[in-house]
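*Asks:* I would like to see how this sequence folds:
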Amino acid sequence: MDLEQLKVTRYVVRDRVATITLHRPERLNAWTGRMHAEYRWLLARASDDSDVRVIVVTGAGRGFCAGADARALEGHVERGGYDAGLGHDVAMPGYGVRPEFDADFAYHFGVPKPVIAAVNGPAAGVGLVLACYCDLRFAASGAKLTTSHGRLGLPAEFGLSWLLPRLIGVTRAADLLLSSRCSRRRRSRWD
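*Replies:* Reported below is the predicted structural model:
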């Protein structure tokens, strides 16, 4: 893959900061297999670039990532099975550091550079997962963060039930994980 082949992400390096932008603003950057493959490739590229010191992940338009694309999920149902859409040649950023990091989204822990989530709007489902696996998270005032599995009767995805309590505490995590209620970033007196 090269930068000209990107369809649902964007990549810019400026002042030693690599910015990966999820770029499906018309769908609030809903996650697809293509986006996952491009994201991993860009994360590996930034990890390997000696001129990059930090990686920022954000979303185009008014959303960070609204979760899995519902239309894509409907297609999986019609085909009778799930296809992650990653292929066999998917990039493996962060792999090989520790065996427990060699899994979807846990690979962030093996990336040798800080990864910062700039949450500019809704982060739901896999979008919340992505933000949680980043090293730091900054959310715009009014950004909504939520799980989505609870409303769908599914288990928490990608280790979120392990990670979220470690980030925000057991009680707040249980509220989000069990209810799929939104947590909103409110303006503080410091804004």
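*Asks:* Quick one: distance of the lengthiest helix in the chain to the chain centre.
*Replies:* In the chain, with assignment by DSSP state H, the single longest helix is helix 33-48. Helix 33-48 sits 11 Å away from the centroid of its parent chain (CA atoms, centre = their mean, to the nearest Å).
*Asks:* Show me what it packs onto, helices and strands only.
*Replies:* Contacts defined by 3 or more CB pairs under 8 Å, 6 or more residues apart in numbering; DSSP states H and E place helix 33-48 against strand 9-14, strand 17-22, strand 54-59. C-beta here means a position set from N, CA and C on the backbone, and glycine is covered the same way.
*Asks:* okay, the ones you listed in CSV with mean pLDDT and distance to A173 next?
*Replies:* Putting the helices and strands packed on helix 33-48 into CSV (pLDDT from 0 to 100; distance: least, CB to CB, whole Å) gives the following:
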stretch, mean pLDDT, distance to A173
strand 9-14, 98, 29
strand 17-22, 98, 24
strand 54-59, 98, 21
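*Asks:* Give me the buried positions along the host helix or strand of R166.
*Replies:* Using DSSP states H and E, the element containing R166 is helix 160-168. By neighbour count on 16 or more other CB atoms under 10 Å, the buried set for helix 160-168 is L160, S161, L163, L164, P165.
*Asks:* got it, and stretch 51-67?
*Replies:* Going by 16+ other CB under 10 Å, stretch 51-67 has these buried residues: 54-61, 63-67.
*Asks:* For the helix holding R166, name the packing helices and strands.
*Replies:* Counting by 3+ CB pairs under 8 Å, 6+ apart, helix 160-168 packs on helix 126-133, helix 170-179.
*Asks:* change it to 6 Å
*Replies:* Here helix 160-168 touches helix 170-179, going by 3 or more CB pairs under 6 Å, 6 or more residues apart in numbering; DSSP states H and E.
*Asks:* picking that back up, among the helices and strands packed on helix 33-48, which is nearest R71?
*Replies:* R71 sits nearest to strand 17-22 of all the helices and strands packed on helix 33-48, at 16.3 Å, using CB to CB.
*Asks:* Out of the buried residues of stretch 51-67, which is nearest to M92?
*Replies:* I55 (15.9 Å).
*Asks:* thinking I116 is in contact with L136, fair?
*Replies:* Yes - because the distance of 4.7 Å satisfies CB atoms under 6 Å, I116 is recorded as touching L136.
*Asks:* Which one of those two is surrounded by more residues?
*Replies:* Taking neighbours as other CB atoms under 10 Å, I116 and L136 compare with I116 leading, 19 against 12.
*Asks:* I'd like the next helix or strand past the helix or strand hosting the more buried one.
*Replies:* Following DSSP H and E, one finds I116 within strand 115-119. Per DSSP H and E, the first helix or strand lying C-terminal to strand 115-119 is strand 123-124.
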